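[1] After the sequence you'll find the predicted model.
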Amino acid sequence: MRLIPSALLVVIVTTTVSWWFSLDEQGVRIVGDVKSGIPYPKLPLLLNIEAIRELLIPAILIAIVGYVESNAIAKAYASKHDYPVSSNRELVALGFSNFIGVCCSLSFVQHDTIERKETNLI
């Protein structure tokens, strides 16, 4: 039985080690101050045409792979627990969550991965 999640334990240990040995004074970069509160929603600036050209194809491929993986996981859970899944609704949900995340400027691409969910299906 775990009393403390492993990710939280890693954060506590590394923070303590960093503080105890004053690693920031020895050249180790630390996070520093973190803004508090929720950021105001805003659309990202898309003025750098060269960056858009460079990132467009990889972004489309990441979106396709993320959708396929999320849809596969949803269908696996649906077959195990006997409920229907709409691929269109999955696509809309992923698109909406990623759009909202981009508007807050602090989000990573959101999708499931089969490796993470496979252990829950056993």
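    Great, that's in hand.

[2] alpha carbons only for contacts and neighbour counts from here, please
    Fine.

[3] and stretch 20-36, how far out from the chain's middle?
    On the basis of C-alpha atoms, centre = their mean, to the nearest Å, stretch 20-36 is displaced by 24 Å from the centre of the chain it belongs to.

[4] per-residue confidence averaged over that stretch?
    In this model, stretch 20-36 has an average pLDDT of 86.

[5] Show me which residues of it are buried.
    Taking 16 or more other C-alpha atoms under 10 Å as the basis for neighbour counts, none of the residues of stretch 20-36 comes out buried.

[6] what residues does that stretch touch?
    Applying C-alpha atoms under 8 Å, 6 or more residues apart in numbering, the contact partners of stretch 20-36 are Ser18.

[7] Report the helix or strand with the lowest average pLDDT across this protein.
    The element with the least model confidence among the helices and strands of the chain, by mean pLDDT, DSSP states H and E, is helix 114-121, at a mean of 57.

[8] Would you mind listing the buried residues in the lengthiest helix in the chain?
    In the chain, taking DSSP state H as the definition, the longest helix is helix 49-81. In terms of neighbour count (16+ other C-alpha under 10 Å), helix 49-81 has its buried residues at 63, 66-77.

[9] Report the mean per-residue pLDDT for it.
    If you average the pLDDT over helix 49-81, you get 87.

[10] Quick one: residues contacting the residue nearest to Tyr40 when sequence neighbours are not counted.
    Among residues not flanking Tyr40 along the chain, Cys104 sits closest, at 6.4 Å (C-alpha to C-alpha, 6 or more residues apart in numbering). When the contact criterion is C-alpha under 8 Å, 6+ apart, the partners of Cys104 are Pro39, Tyr40, Pro41, Lys42, Leu43.

[11] swap the cut-off to 7 Å and go again
    For Cys104, the contacting residues are Pro39, Tyr40, Pro41, Lys42, taking C-alpha atoms under 7 Å, 6 or more residues apart in numbering as the criterion.

[12] how about a markdown table for the buried residues of helix 49-81, with distance to Glu50 added?
    Listed next are the buried residues of helix 49-81 as a markdown table, based on distance: C-alpha to C-alpha, whole Å:
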| residue | distance to Glu50 |
| --- | --- |
| Ala63 | 20 |
| Gly66 | 25 |
| Tyr67 | 26 |
| Val68 | 28 |
| Glu69 | 30 |
| Ser70 | 30 |
| Asn71 | 32 |
| Ala72 | 34 |
| Ile73 | 35 |
| Ala74 | 36 |
| Lys75 | 38 |
| Ala76 | 40 |
| Tyr77 | 41 |
